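> pasting the sequence and the predicted coordinates here, then a few questions.
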Amino acid sequence: MDWISLQDELPQYEEEVLLYFPNGSGNGFALGFRGKLVDKEGRHVYEDCWGSPEQDSFCSYSEEPTHWMWLPLAPY
């Protein structure tokens, strides 16, 4: 498995992937998903936000990732 630059390809919306944040705290890796945040009137407020499954919310990361990777398959 190789890292994919977000400039080359984006993951599908709401699909959990491994994200790389070059300026992030810790090791710079996090589980996340690409999402759209929509306001109550149904208008798009933010598109291509990066969310955290732990927080179950869109736009929960304060910085943009630069790369992503598919999650590996579980062991048999």
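Sure, I can see it.
> and what about residue 35, helix, strand or coil?
strand (DSSP: H, G, I helix; E, B strand; the rest coil).
> how near is it to residue 4?
Note on residue 35: its distance to residue 4, by Cβ to Cβ, to the nearest Å, is 18 Å. Every C-beta, even on glycine, is put in place using the N, C-alpha and C of the backbone.
> higher neighbour count, the two?
Legend: neighbour count by other Cβ atoms under 10 Å for residue 35 and residue 4, higher for residue 35 (19 against 16).
> surely that one touches residue 14?
Yes - here residue 35 reaches residue 14: they are 5.8 Å apart, a contact under Cβ atoms under 8 Å.
> nearest residue to residue 11 other than its sequence neighbours?
Spatial nearest neighbour of residue 11, excluding adjacent residues (Cβ to Cβ, 6 or more residues apart in numbering): residue 17 at 4.8 Å.
> how much space separates the one you found from residue 41?
30 Å.
> neighbour count for those two, which is higher?
Neighbours per residue (other Cβ under 10 Å) separate residue 17 from residue 41, with residue 17 holding more: 20 against 6.
> show the pLDDT at the more buried one.
pLDDT for residue 17: 90.
> right, and the helix or strand after the least confident helix or strand in the chain by mean pLDDT?
Every helix and strand of the chain was ranked by mean pLDDT, DSSP states H and E. The lowest is strand 44-51, at a mean of 68. Once strand 44-51 ends, the next helix or strand along the chain (criterion: DSSP states H and E) is strand 67-69.
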